[in-house]
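# Have a look at this prediction, sequence included:
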Amino acid sequence: PINPLGKTLREYCEELISVCVRFSVPICDLNAEANLNRFNLVHYSSDGLHPNIDGDAYISKIICKRIKELAETM
């Protein structure tokens, strides 16, 4: 969907990623890495946007994996 400014969520994510890369801030792009789509979203969200209990567990695994990857590089 497009907001009143004509922007999509993906456009906001891409801009945020761009700023993080520019300033060397580690990122975890859940929008891309979670691989949520219209076929599996109903399992992870009750309203199509916010995670339910299963969604929280699924997302937390992705975040923990990314934190471990970052810790290994330090």
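Structure's in. What do you need?
# Go through the helix or strand of the chain with the lowest mean pLDDT and flag the buried ones.
Using mean pLDDT, DSSP states H and E, the weakest-scoring helix or strand in the chain turns out to be helix 30-33, at a mean of 87. For helix 30-33, the neighbour count (16 or more other CB atoms under 10 Å) marks residue 30 as buried. Backbone N, C-alpha and C define where each C-beta goes, glycine included.
# Alpha carbons only: can I get it in CSV?
C-alpha atoms of helix 30-33 as CSV (Å, rounded to 0.1, in the frame of the first residue of the first chain):
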residue,chain,number,x,y,z
LEU,A,30,13.2,-8.0,8.9
ASN,A,31,11.1,-6.8,6.0
ALA,A,32,13.4,-8.8,3.7
GLU,A,33,14.9,-11.4,5.9
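# what does it contact?
9, 10, 13, 59, 62, 63, 66 (CB atoms under 8 Å, 6 or more residues apart in numbering).
# Would you mind listing where this structure has pLDDT under the threshold?
Applying pLDDT under 70 to the chain flags no residue at all.
# So what touches the top helix by length along the chain?
Selection of the longest helix in the chain by residue count, based on DSSP state H, yields helix 53-72. The contact list for helix 53-72 (CB under 8 Å, 6+ apart) reads 26, 28, 30, 33, 34, 43, 44, 45, 51.
# how does it look with 6 Å?
Applying CB atoms under 6 Å, 6 or more residues apart in numbering, the external contacts of helix 53-72 come out as 26, 28, 33, 34, 44, 45, 51.
# repeat for stretch 8-23
2, 27, 31.
# gap between the two ends of stretch 40-58?
Length of stretch 40-58, first residue to last, CA to CA, to the nearest Å: 12 Å.
# Measure how far that stretch is from the centre of its chain, please.
Relative to its chain's centre, stretch 40-58 lies at 13 Å (CA atoms, centre = their mean, to the nearest Å).
# What are the buried residues along it?
Residues of stretch 40-58 classed as buried by neighbour count (16+ other CB under 10 Å): 41, 44, 51, 55, 58.
# Pull the most distant pair out of those.
41 and 58 (11.0 Å; CB to CB).
# how many other residues sit next to residue 20?
14 (other CB atoms under 10 Å).
# Great, nothing more from me.
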